[in-house]
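In: dropping a prediction and its sequence here:
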Amino acid sequence: MLKVEINSFAYSEKTILKNVSFTLKPGEHLSILGESGCGKSTLLHLVYGLLHLENGSIFYKEKKLLGPTKTLIPGEPFMKLVAQEFNIMPFTTVAENLGSHLSGLEEEKDKKRIDELLEVVEMEAFKNTLVKNLSGGQKQRVALAKALANEPEILLLDEPFSSIDVFRKNKLQRKIFNYLKKNNISCITATHDSEEALAYSDQILMLKNGAEELFGTPEFIYKIVATEYQAGFFGEANLLPKSFFSSTNSSEEIIVFPHQLKISEEKTSLEVTVNKSYFKGSHYLMEADYKGKTIFFNSSFPLKKDELYYLKILERD
Ligand SMILES: Nc1ncnc2c1ncn2[C@@H]1O[C@H](COP(=O)(O)OP(=O)(O)OP(=O)(O)O)[C@@H](O)[C@H]1O
């Protein structure tokens with residue numbers, strides 16, 4: 001088990017991370033969700049041992065990890081980090097790149113392993129291509145395969161699918177994360193992609209300004225979001241008075257996602273004027289106005305600009 005306790009971390013004067021702690025069991029997948037610059041990469045670099053953690057500790061299997069000041073080569077042998085600037089050799093082929101991370105002692109075994117890794121990242125067709133001639137997304141897939149080559153116990157992934165097109169992304173995510181589960185490899189992923197975090201992780205750690213904002217299972221996080229910052233990771237969201245939807249005197253406001261609002265035949269407190277409709281494939285996202293505030297709700301058909309509607313809430317699911 002990995003046990004991370006970061007009391008605080010600063011590059012110079014400015015504190016980047018504070019009071020972040022979690023544990024990770026074998027085969028478990030943790031997603032770090034947070035806006036750009038909130039400290040996700042820094043957290044991965046601390047765990048991997050590229051940065052020195054003065055104020056806190058990291059244990060793996062009861063053993064304290066020493067960090068870069070006490071080890072000759074930064075990084076831990078049982079962990080692999082796929083950083084945003086992936087480090088792959090440009091003037092060698094994809095297969096040679098992967099081969100450089102294998103034993104080199106048993107040629108047939110290595111060849112088989114290279115084919116297996118290429119299959120996981122769907123790069124079989126580029127086996128003999130020079131890395132310098134690959135696209136950004138293809139290089140990212142080689143970096144993922146390279147990280148898997150030596151069967152790490154923990155994989156740290158920094159925005160692993162950021163350069164990969166939607167066409168391939170979903171299938172690749174399924175293949176990689178299923179491969180990790182099957183092989184009991186723990187994984188920490190830094191991501192902006194809430195769909196990826198919800199679908200594949202066991203736990204989500206949401207950061208805000210380098211501190212824990214929310215921590216829990218994807219279902220727990222999605223149901224508990226209460227502020228615009230928290231809800232912002234899951235698409236458009238409305239912050240509306242609770243009193244609109246229930247008989248309460250409280251001035252409390254609640255987060256309501258577009259799919260939780262529905263047009264009402266009866267008069268409600270929420271009378272909106274339609275501004276725009278955006279086709280989303282399975283439905284239309286409506287942008288409407290309520291007393292100068294923008295409200296988003298879903299509709300199965302487009303609504304006309306300037307038409308008035310009453311909205312009611314559906315149970316949050
Ligand atoms: N080597 C460094 N020296 C000084 N400050 C740094 C260094 N690396 C990162 N920072 C700063 O630390 C903060 C956190 O950066 P980090 O890269 O961890 O954020 P992030 O959440 O991964 O962002 P992104 O999603 O954009 O990759 C930023 O304000 C960044 O400017």
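Out: That came through fine.
In: rest of the way, CA atoms for contacts and neighbours
Out: Fine.
In: which stretches of the chain form helices?
Out: 40-48, 94-99, 107-120, 136-149, 166-182, 194-200, 218-224, 228-231 (DSSP state H).
In: show me the one of those helices that comes nearest E287.
Out: Of all the helices of the chain, it is helix 228-231 that lies closest to E287, at 16.8 Å by Cα to Cα.
In: who touches L239 in this structure?
Out: T227, E228, E253, I254, I255, V256 (Cα atoms under 8 Å, 6 or more residues apart in numbering).
In: repeat that for 10 Å
Out: 226-228, 231, 252-257, 293-295 (Cα atoms under 10 Å, 6 or more residues apart in numbering).
In: mind putting the residues you listed into TSV with neighbour count and pLDDT?
Out: Below are the contacts of L239 laid out as TSV (neighbours: other Cα atoms under 10 Å; pLDDT from 0 to 100):
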residue	neighbour count	pLDDT
A226	15	92
T227	14	93
E228	14	92
A231	21	94
E252	11	88
E253	15	90
I254	18	90
I255	21	93
V256	25	93
F257	22	94
K293	11	93
T294	16	95
I295	25	96
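In: distance to the ligand added to the helices of the chain, as JSON lines?
Out: What follows is the helices of the chain, written out as JSON lines (distance: least, Cα to the nearest ligand atom, whole Å):
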{"stretch": "helix 40-48", "distance to the ligand": "4"}
{"stretch": "helix 94-99", "distance to the ligand": "25"}
{"stretch": "helix 107-120", "distance to the ligand": "25"}
{"stretch": "helix 136-149", "distance to the ligand": "15"}
{"stretch": "helix 166-182", "distance to the ligand": "19"}
{"stretch": "helix 194-200", "distance to the ligand": "13"}
{"stretch": "helix 218-224", "distance to the ligand": "19"}
{"stretch": "helix 228-231", "distance to the ligand": "15"}
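In: which residue is the nearest non-sequential neighbour of the residue nearest the centre of the chain?
Out: Closest residue to the average C-alpha location of the chain: T191 at 3.0 Å, with Cα atoms, centre = their mean. What sits nearest to T191 in space, not counting adjacent residues and going by Cα to Cα, 6 or more residues apart in numbering, is E159, at 5.0 Å.
In: tell me how many other residues crowd that neighbour.
Out: 19 (other Cα atoms under 10 Å).
In: my guess is it meets S194, correct?
Out: No - contact criterion Cα atoms under 10 Å: E159 and S194 do not qualify, at 11.7 Å.
In: joint contacts of these two?
Out: I32.
In: quick revisit: the ligand: which of the contacts of L239 is nearest?
Out: Among the contacts of L239, A231 lies closest to the ligand (Cα to the nearest ligand atom), at 17.3 Å.
In: mind listing the residues bridging to the closest residue to S277 other than its chain neighbours?
Out: In this structure, S277 finds its nearest non-sequential neighbour in M286, 4.6 Å apart by Cα to Cα, 6+ apart. Beta-bridge pairing for M286 (DSSP bridges): S277, F297.
In: now for M286: which residues touch it?
Out: Neighbours of M286 in contact, by Cα under 10 Å, 6+ apart: 258, 274-279, 295-305.
In: if I look at N298, how far off is I313?
Out: 12 Å (Cα to Cα, to the nearest Å).
In: who has more neighbours out of those two?
Out: For N298 versus I313, the count of surrounding residues by other Cα under 10 Å is larger for N298: 22 against 18.
In: so for the closest residue to I6 other than its chain neighbours, what's the pLDDT?
Out: What sits nearest to I6 in space, not counting adjacent residues and going by Cα to Cα, 6+ apart, is G56, at 4.5 Å. For G56, the model assigns a pLDDT of 96.
In: G56 against N7, yeah?
Out: Yes - with contacts defined as Cα under 10 Å, G56 counts as touching N7 at a distance of 5.1 Å.
In: what touches both of the two?
Out: Shared contacts of G56 and N7, counting by Cα under 10 Å, 6+ apart, come down to K18, N19, V20, S21.
In: and the residues you listed, which of them are buried?
Out: K18, V20, S21 (16 or more other Cα atoms under 10 Å).
In: could you list which residues are in contact with the last one?
Out: Residues counted as contacts of S21 (Cα under 10 Å, 6+ apart) are K3, V4, E5, I6, N7, G56, S57, I58, L205, A211, E212, F215.
In: reformat those residues as TSV; add distance to L130.
Out: Formatted as TSV, the contacts of S21 follow (distance: Cα to Cα, whole Å):
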residue	distance to L130
K3	39
V4	39
E5	41
I6	41
N7	44
G56	42
S57	41
I58	38
L205	38
A211	42
E212	42
F215	42
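In: tell me the one of the buried ones among the shared contacts of G56 and N7 nearest the ligand?
Out: The closest of the buried ones among the shared contacts of G56 and N7, once distances to the ligand are taken by Cα to the nearest ligand atom, is K18, at 11.9 Å.
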